[in-house]
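S.K.: Sharing a model prediction with you, sequence too.
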Amino acid sequence: MKNFTLLLITFNLFFCYAQEKKMNSGDKKFDGYAYIDAIKTYERVAKKGYKSEELFKKLGDAYYFNSEFENAAKWYGEMFAMNPSPAAEYYYRYAQCLKSIGETDKANKILDEFNAKYKNDSRGILYKNDRNYLDQIKANSGRYKIEGAGINSKYSDYGSFIYENKIYFASARDTGNFSQRKHKWTGEYFTNIYNANLDAETGIPSKVNKIKSELNGRFHEATPVFTKDGKTVYFTRNNYVDGKKGKDANKITLVKIYKATLQDGKWKNITPLPFTSDNYSTAHPSLSPDEKTLYFASDMPGSVGQSDIYKVNINEGNFDTPQNLGKVINTEGKETFPYVTNENEIYFSSDGHPGLGGLDVFVGQIENNGTISDIQNLGNDINSPQDDFAYIIDPVTRKGYFSSNKDGGLGSDDIYSFLETRRLKCLQELEGVITDAQTSEILPDSKVTLYENMEIKNSVAADIQGKYSFSVECGKTYYVRAEKPEYSTKEVSITIPKTTGKTNLPIALERSICKVAIGDDLGKCFGIKMIYFDLDKSNIRTEAALDLEKILDVLNQFPTMKLDIRSHTDSRASFKYNEALSDRRAKSTIEWLVQNGVAKNRLTGRGYGETQLVNRCSDNVKCTEEEHQMNRRSEFIVTGL
């Protein structure tokens with residue numbers, strides 16, 4: 001666009017170089033089964049004075065997910081007292097609970113700590129780190145097959161639009177004896193609107209024709225956009241109508257967006273849009289897919305830079321007040337040539353965003369509230385050190401056109417066709433399976449909810465195979481909440497990779513209502529794998545007492561329940577030593593329960609040493625520590641109900 005830059009100098013033109021459900025509570029009994037509410041047990045154990053960060057976390061979560069914020073705040077407070085620096089989500093949950101009960105100052109203090117500690121958390125970002133734009137450009141490159149559009153001349157050709165299998169564009173080519181209309185600095189003709197038919201199968205253009213209608217005048221016309229019914233066109237033109245040039249206070253003819261309607265096969269009622277002016281430029285119109293919004297470039301008062309991108313609502317042919325799209329997209333430089341797709345993407349050209357030089361083509365996401373986010377450079381296939389602009393694309397075929405004055409073209413500006421072979425937009429599927437944490441049994445019909453910034457984005461029920469899936473955006477952090485009657489609700493955070501693909505997030509739920517029958521291990525209800533003792537000793541440690549309190553609570557709830565307590569070791573040390581040690585530990589466990597009020601005739605038990613290994617790790621077999629740990633276990637087998 002070197003020559004067209006000179007036109008800007010002469011005319012000060014503004015072509016800008018062509019955009020939830022509470023869980024049922026209470027104890028239940030059924031024939032042959034006992035249902036144990038683990039959360040109630042945790043709470044009774046906690047009220048006895050036992051303290052555990054995990055215990056308080058479970059209690060806080062149980063009340064938080066049921067919106068009982070006062071109780072949740074109580075137990076989260078206990079958790080913070082034990083660990084002032086828990087995981088990120090607990091700062092946020094605790095603060096939310098405190099706010100809900102009116103303790104705003106305390107909540108703000110927690111949030112201040114949260115923001116200071118987790119600067120990159122999606123709910124508490126204090127600042128966004130600058131991205132290495134050259135790395136981004138490199139990552140976004142290699143995605144196109146590009147070739148000349150087949151309509152270029154040795155003069156400036158730019159700004160394409162496809163309508164009814166024709167390509168429309170602006171050109172400064174010599175199509176007749178119009179020497180009086182050459183620009184005296186460039187030696188090129190003023191641009192007019194041209195078109196060419198496109199082959200329905202190959203897309204190859206036929207002969208180029210200058211539009212013979214009132215759309216082309218004595219000076220510059222460019223960038224037309226037609227409504228779907230073909231009855232209205234918006235285009236850019238020098239401030240010129242009815243044979244007269246409009247001029248600003250400095251007697252400079254600027255550019256405006258004009259509208260024309262088709263009547264009896266002819267374009268009539270050519271008038272500038274009502275928000276245009278003789279004192280600033282408006283140019284390069286682009287319609288939203290629903291044709292209710294017109295996007296354009298302008299340097300009207302209130303602009304951030306040399307030219308900004310604006311939008312204006314269209315109401316039954318009338319136009320609202322134009323809105324600047326804001327500083328996320330607009331810079332102190334030039335932003336121009338917007339193009340909007342039905343995927344809520346806006347393509348535009350800019351020399352203010354980090355690029356390769358001159359005007360580069362960028363894409364941003366139009367959010368539901370109208371703001372623009374995630375602006376990215378399209379890469380060095382499209383962009384060059386020169387001016388690259390006027391990008392349009394078919395979201396279905398991924399074919400399109402752009403204009404550039406990069407090296408290798410026929411004229412000062414040329415139009416290029418392209419096929420996008422790899423999408424820039426990162427597409428991810430978040431999937432997983434909901435299972436029982438103890439048994440690994442799949443849990444169909446579990447409710448799975450996707451959250452972003454504490455707002456529900458989607459909610460599904462796990463299928464018959466326990467599977468769920470969500471379409472998510474790359475690079476974002478989400479929270480996935482899984483719920484199932486008789487299970488504790490669980491919420492897990494996940495940051496999606498920045499590459500297209502699938503992300504697997506399995507979620508294992510712990511039973512809160514645990515169903516046991518004769519022969520079952522009561523310890524599995526509470527995840528008790530081992531009652532821990534000091535090395536070579538059989539006295540009850542504090543953490544072991546916490547787990548035994550859970551067993552005691554169940555025995556108190558079900559006075560006819562009987563247990564056989566079994567202690568096991570791994571194969572290390574001698575057979576005789578392991579048998580004796582495990583037997584002492586089983587008896588110590590029984591003794592603790594009896595001392596705390598359980599009738600002795602309800603309890604039996606012994607140590608089995610290494611006689612009931614659950615894997616291959618017998619004497620002289622080399623095993624990992626994890627494999628040995630599987631054999632060191634405590635069991636509380638229900639023998640009567």
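M.R.: Noted; the coordinates are in hand. Numbering: from 1, shown residues only.

S.K.: Was I right to think residue 144 contacts residue 417?
M.R.: No. Residue 144 lies out of contact with residue 417 (Cβ atoms under 8 Å); the separation is 10.1 Å. To be clear about C-beta, it is placed using only N, CA and C from the backbone, and glycine gets the same treatment.

S.K.: which residues does the residue lying closest to residue 110 once chain neighbours are set aside contact?
M.R.: Using Cβ to Cβ, 6 or more residues apart in numbering and skipping the chain neighbours, the partner closest in space to residue 110 is residue 95 (4.3 Å). Counting by Cβ atoms under 8 Å, 6 or more residues apart in numbering, residue 95 touches 107-108, 110-111, 114.

S.K.: One more: residue 140?
M.R.: 376-379, 424.

S.K.: any idea how far it lies from residue 225?
M.R.: Distance from residue 140 to residue 225, counting by Cβ to Cβ, to the nearest Å: 27 Å.

S.K.: Also residue 74?
M.R.: On the measure of Cβ to Cβ, residue 74 and residue 225 end up 61 Å apart.

S.K.: Tell me if the residue nearest to residue 110 really is in a helix.
M.R.: Yes. Residue 95: assigned to a helix according to DSSP: H, G, I helix; E, B strand; the rest coil.

S.K.: For it, give its distance to residue 57.
M.R.: The spacing between residue 95 and residue 57, counted by Cβ to Cβ, is 16 Å.

S.K.: What of residue 255?
M.R.: 64 Å.

S.K.: the more surrounded of the two?
M.R.: residue 255 (31 against 20; other Cβ atoms under 10 Å).

S.K.: Report the beta-bridge partner residues of that one.
M.R.: Residue 255 has these beta-bridge partners by DSSP bridges: residue 238.

S.K.: pretty sure it is touching residue 280, no?
M.R.: No. Residue 255 is beyond contact range of residue 280, at 9.7 Å (criterion: Cβ under 8 Å).

S.K.: just for the stretch 51-200 of the chain, where's the confidence low?
M.R.: Within the stretch 51-200 of the chain, the ranges that satisfy pLDDT under 70 run 66-67, 100, 119-134, 174-189.

S.K.: if you set the cut-off to 50 instead, what comes out?
M.R.: For the stretch 51-200 of the chain, the stretches with pLDDT under 50 are 122-131, 175-187.

S.K.: Where do the strands of it begin and end?
M.R.: Assigned by DSSP state E, counting those that start in this stretch, the strands in the stretch 51-200 of the chain fall at 144-148, 157-163, 166-171, 192-198.

S.K.: okay, the ones you listed in JSON lines with distance to residue 353 next?
M.R.: Formatted as JSON lines, the strands of the stretch 51-200 of the chain follow (distance: least, Cβ to Cβ, whole Å):
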{"stretch": "strand 144-148", "distance to residue 353": "19"}
{"stretch": "strand 157-163", "distance to residue 353": "20"}
{"stretch": "strand 166-171", "distance to residue 353": "24"}
{"stretch": "strand 192-198", "distance to residue 353": "29"}
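
S.K.: just so I know, which of those lies nearest residue 317?
M.R.: Among the strands of the stretch 51-200 of the chain, the nearest to residue 317 by Cβ to Cβ is strand 157-163 (19.8 Å).

S.K.: Just the buried residues of that closest one, please?
M.R.: 157-162 (16 or more other Cβ atoms under 10 Å).

S.K.: which one among these gets closest to residue 199?
M.R.: residue 162 (12.9 Å).

S.K.: is that closest one in a bridge, and if so with what?
M.R.: On the basis of DSSP bridges, residue 162 is bridged to residue 167.

S.K.: The most centrally placed residue in the chain pairs with what?
M.R.: The centroid of the chain falls nearest to residue 473 when counting by Cα atoms, centre = their mean (3.4 Å). Counting by DSSP bridges, residue 473 is bridged to residue 427.
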